[in-house]
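Asks: predicted model and sequence below, questions to follow.
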Amino acid sequence: MRHRTWTTLLLLLLLSGVIAIPLTREASAQADRLDWAARIAEVDRALARGETRAVTAAWREAYVAAHVSRGWPGMLAVGDAALRAGRATGTPEVFEPRARRAYLTALLRARRQASRDGVLAAGEAFGRLGDRDAERLAKSEAAKLAIRAEADARRRARAL
């Protein structure tokens, strides 16, 4: 009887861990998203006030928060914020390279995460910069991801 009690208790603990770990990851991802999104909102507020130094400082904080998040959406948003900052402050030569770096990071992360939508979004961002080569490369990568996903789906269907 004692063995059965310990086994049941152990199974309950394992089950609670299996349930808690995904919830923790989701909460962490949500917190990361809120962090970079809040910092980008601060960039936009500084832009509205016309405070160039505050724009630069807020953008740097947004970049760090998006970089730490490890996802591609934050890096895309930071790149877009860089373009807004460059236009508003009259310093596109400063902010366009920053946007390009953020978009490249977003593209690489999306590719690593096999996110066709992310790869396409990064390609569109490069298109907004006028970089047609990077845009074509992203479209090609997205097509490869789609082919891989379709092949995986066929394999899973055959296995059923």
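Replies: Here it is on my side, so go on.

Asks: and the helix or strand harbouring residue 79, which residues are buried?
Replies: In this assignment (DSSP states H and E), residue 79 forms part of helix 72-89. Residues of helix 72-89 classed as buried: 72-86, 88-89 (neighbour count, 16 or more other CB atoms under 10 Å). C-beta coordinates here come from the backbone N, C-alpha and C atoms, glycine included.

Asks: past it, which element shows up next along the chain?
Replies: Helix 72-89 is succeeded, C-terminally, by helix 92-112 (DSSP H and E).

Asks: and that next one, what's buried?
Replies: 95-96, 98-100, 102-111.

Asks: and for stretch 143-154?
Replies: Buried-residue list, stretch 143-154, by 16+ other CB under 10 Å: residue 145.

Asks: chain center to the helix or strand where residue 59 lies: distance?
Replies: Using DSSP H and E, the element containing residue 59 is helix 52-69. Relative to its parent chain, helix 52-69 has a centroid offset of 15 Å by CA atoms, centre = their mean, to the nearest Å.

Asks: kindly report the same for stretch 83-92.
Replies: The answer for stretch 83-92 is 23 Å, by CA atoms, centre = their mean.
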